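Peer 1: below is the structure, and that's it, no one-letter string:
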């Protein structure tokens, strides 16, 4: 991403380049915007949060003597008279990956200074995120309707309800925050803040399309976490 | 920052690569859904789930989050801390097995 | 690492800009003085105009650092008073009339949590980190000043919530600072209702606030250094704070998750950590949870937390020793790698706090091994401090006294740590006063000594005046001898088996054999605690009347002393950012006129000297 020229600095490839970058002055991540570096480190920290959630889930599920509910049935949907296992989750995955793809394209068009295209793609991403949150709300209400609570669960171990609401709730919060920011960024893109270098609300840094990439990192991370939740919570 | 103009040439990739990855993600998600559909069980299920999961995660990180194009300094800073998580996972697996053992031993068998 | 400085000629051609000493200069001088041009454009800073934006919601890292320092010290004084109350009860049972067992447990808990998280962590990273990082790496400010400001105010709210728990029904939580489930949320433990909820909320706020600050520290160090400042030219203070921040960023998530799940257990009645519990013959509604999971989560945070406190202390003390013995730090790179190595290893040792918890017994083997491996880099650091002192031109001032006190205390606490790292030794010593003595020595007194030394060292920078030396020596000797009087006998109490966290020894044999010692320890604790007010008095007195310090009063090399104005103003460096040519440890260099060569001295000015290649 950052193999552009820096005056007086020679880029070297691979691990040699890593040693060279690390040993150089001023910056360690050459050409990486402060905000982008910050987002990466934040995501690393956030990864540890989600890892701790999933590890707790593993330990909790592994050490309970009560049977764990069959997720394939619990999350099944009744469509056209047929019981389809995990259908809702499959749809949610589909929506989230779609929005991730539009986000990736938005970043690309942002760097190409294609304001319109970038804005529309961010808006599409935001709408995808909104649909995801809506489906999650439906999933929650369905389970609550069936009697699953954080403290109890008619299908088996009570920890199922606890971990389900906590982990998907925490992920859903991330998605919701992302959606809010996506709408804000869509507005800022259409208003041309990134073309003019208009300063943001809480910062003295000039607006730049790199902010779209930073937001994109966050959004892809939300998708990434969903990949793990999908595998460990729904498929296991 | 001021290097945007220089960045322009290098940071954008052909749209094809994104569409390819996008398509692959759909296919992989479909496959992991099929793992459940066909109700594979045991180690086969586990390994399939993990393979598809890591493939998807890897694609997202490498291409959508651009890690494939980032310099190694950043990539290594991000990936090495995961060893701590790996250690935590590994030990917690041992721990929950032991907890189950003690629970079965004392509550079910009776601890004799 | 600095090969681009060796073959300057190659870069000469590419670059339009060369730096020469004092303008002009000969061709050869500018050749060896070449430093790569700036990669990053100048940072725009927000300058406050009103009182509120200048001093309250301030975005200047230095002011934020002082704010952190003052608030952390304030909570620290509360922790100190709590420890007095505890010692009063232990030394003279019943002397404090109002003190019940519940109060005692609450004070133990709050003392521990305040001292570890709200005092030491906030002071080192928030206080010293904010003040020193931008100055030492040659940045104008932290990279995200607004976020930095929010970070402090989250900390402020977190402290507010924590202290509010003293005034809620049931009082603060009395579960011990480790907050182990299930007892922390079961009735019968003091503060099991409101107290523990407020504690969890406060911790979550602290973690959120700290994450904002930590991102700032990390990105400032990695991405906003000045020209010529390579990672291996940073003062060890910055290395210590940086590594501690990395640890904090990766360890606090476990605490956050633990606190969140405990809050849910308490408020919603989930059973993450709650097993099936019989209480007075009745089965509680909880069931199936895993108490040991909380311990793992807590210590996955808790052990790195020890190094979050210790590593900045290691870094700062290295700088203080080097400056005040007028010698370069012995084995700089070894010191850096030791800091990084300790930081990395600290994520693989957490369950040595849990040998008697009933975890998988095989873990003892793994964790004892990793724990003892940590002793290697730590011992390297101790050797290097001593070798730095060896044949140095030591100034035996207050700062140096604190450093020497630190080394002694740290070695003492570290060696008892090796005892406790071994499972077979730990099992009988667990939950005795030996443990209390160990961790107070190694992560209480030792880092505190560094903090004191750092205050005497950097006060002339922050306030522009020296602290009073005579008062400082009184402060040091009372604290040092007093702290030893407190914790040295505690080792013995531990050996004879006196359990920790007991409100009273009642009619046990300890009541007869240990009573005199307990009284002695308590007396010492009162004196040491009171001695700390000497420092506060000293600060208040010298703020107005102290001897003016002027520029670089200690003849140090690092950048923070080289600002155009003392104390430094917002933006730190006036018109031009400094350019760094060397590491900060060029003391007593053979051939040099003075015994120090500042980091900004270009090579052409010191051609005759035998400076280290850095």
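Peer 2: Now that the structure is in, tell me what you want to look at. Please read all numbers here as calculations on a predicted model, not as lab measurements. Numbering: from 1, shown residues only, chains lettered A, B, ... in the order given.
Peer 1: just the pLDDT at residue 54, thanks.
Peer 2: This is for chain A. Residue A:54 carries a pLDDT value of 96.
Peer 1: to clarify, I was referring to chain C.
Peer 2: For residue C:54, the predicted pLDDT is 84.
Peer 1: wait, isn't it in contact with residue C:62?
Peer 2: No - contact criterion C-beta atoms under 8 Å: residue C:54 and residue C:62 do not qualify, at 11.8 Å. Heads up, the C-betas are built off the backbone N, CA and C, glycines and all.
Peer 1: ok, these two, which is more surrounded?
Peer 2: Per other C-beta atoms under 10 Å in any protein chain shown, whichever of residue C:54 and residue C:62 has more neighbours is residue C:62, with 22 against 15.
Peer 1: whatever helix or strand the more buried one lives in close to chain A?
Peer 2: When elements are defined using DSSP states H and E, residue C:62 is found to belong to helix C:61-91. No - counting by C-beta under 8 Å from any C-beta of the partner chain, no contacts exist between helix C:61-91 and chain A, the nearest distance being 13.8 Å.
Peer 1: which strands and helices sit next to that helix?
Peer 2: Secondary-structure packing of helix C:61-91 (3 or more C-beta pairs under 8 Å, 6 or more residues apart in numbering or on different chains; DSSP states H and E): helix C:101-113, helix C:130-137, helix C:145-164, helix C:515-545.
Peer 1: list the contacts for the residue lying closest to residue A:142 once chain neighbours are set aside?
Peer 2: Distance criterion C-beta to C-beta, 6 or more residues apart in numbering or on different chains; nearest residue to residue A:142, sequence neighbours excluded, is residue A:88 at 8.0 Å. Contact analysis of residue A:88 by C-beta atoms under 8 Å, 6 or more residues apart in numbering or on different chains lists A:75, A:77, A:135, A:138, A:139, A:142.
Peer 1: reformat these as CSV; add distance to residue C:408 and pLDDT.
Peer 2: Converted to CSV, these look like this (distance: C-beta to C-beta, whole Å; pLDDT from 0 to 100):
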residue, distance to residue C:408, pLDDT
A:75, 62, 85
A:77, 69, 80
A:135, 63, 94
A:138, 65, 93
A:139, 61, 92
A:142, 65, 91
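Peer 1: circling back to that earlier point, redo the helices and strands packed on helix C:61-91 as CSV? Include distance to chain A.
Peer 2: Shown next, in CSV, are these (distance: least, C-beta to the nearest C-beta, whole Å):
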stretch, distance to chain A
helix C:101-113, 20
helix C:130-137, 10
helix C:145-164, 5
helix C:515-545, 32
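Peer 1: quick one: low-confidence ranges for chain C?
Peer 2: Scanning chain C with the threshold set as pLDDT under 70 gives C:1-30.
Peer 1: now with 50, please.
Peer 2: The model of chain C has pLDDT under 50 over residues C:1-27.
Peer 1: centroid-nearest residue for it?
Peer 2: residue C:309 (3.4 Å; C-alpha atoms, centre = their mean).
Peer 1: so where do the strands sit in chain A?
Peer 2: A:77-79, A:82-84 (DSSP state E).
Peer 1: neighbouring contacts of the first one?
Peer 2: It stands for strand A:77-79. Strand A:77-79 is contacted from outside by A:83, A:84, A:87, A:88, using C-beta under 8 Å, 6+ apart.
Peer 1: let's see it at 7 Å
Peer 2: If you take C-beta atoms under 7 Å, 6 or more residues apart in numbering or on different chains as the criterion, strand A:77-79 is touched by A:84, A:87, A:88.
Peer 1: partner strands of it and their direction?
Peer 2: Sheet pairing of strand A:77-79 (DSSP bridges) gives strand A:82-84 (antiparallel).
Peer 1: following the host helix or strand of residue C:475, which helix or strand comes up?
Peer 2: Remark: residue C:475 resides in helix C:469-495, with elements defined by DSSP H and E. As assigned by DSSP H and E, the chain's next helix or strand after helix C:469-495 is helix C:510-513.
Peer 1: just send the strands of chain A back as JSON lines, with mean neighbour count and distance to residue C:111 too.
Peer 2: Shown next, in JSON lines, are those (neighbours: other C-beta atoms under 10 Å in any protein chain shown; distance: least, C-beta to C-beta, whole Å):
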{"stretch": "strand A:77-79", "mean neighbour count": "12", "distance to residue C:111": "54"}
{"stretch": "strand A:82-84", "mean neighbour count": "11", "distance to residue C:111": "57"}
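Peer 1: now these in JSON lines, with distance to residue B:70?
Peer 2: Shown next, in JSON lines, are the strands of chain A (distance: least, C-beta to C-beta, whole Å):
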{"stretch": "strand A:77-79", "distance to residue B:70": "40"}
{"stretch": "strand A:82-84", "distance to residue B:70": "40"}
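Peer 1: what about the contacts of residue A:88, which one has the most neighbours?
Peer 2: Neighbour-wise, the contacts of residue A:88 (other C-beta under 10 Å) top out at residue A:75, 22 neighbours.
Peer 1: who's in contact with residue 132?
Peer 2: In the absence of a named chain, this looks at chain A. A:92, A:95, A:96, A:175.
Peer 1: sorry, I should have been clearer: chain C.
Peer 2: Counting by C-beta under 7 Å, 6+ apart, residue C:132 touches C:237, C:560.
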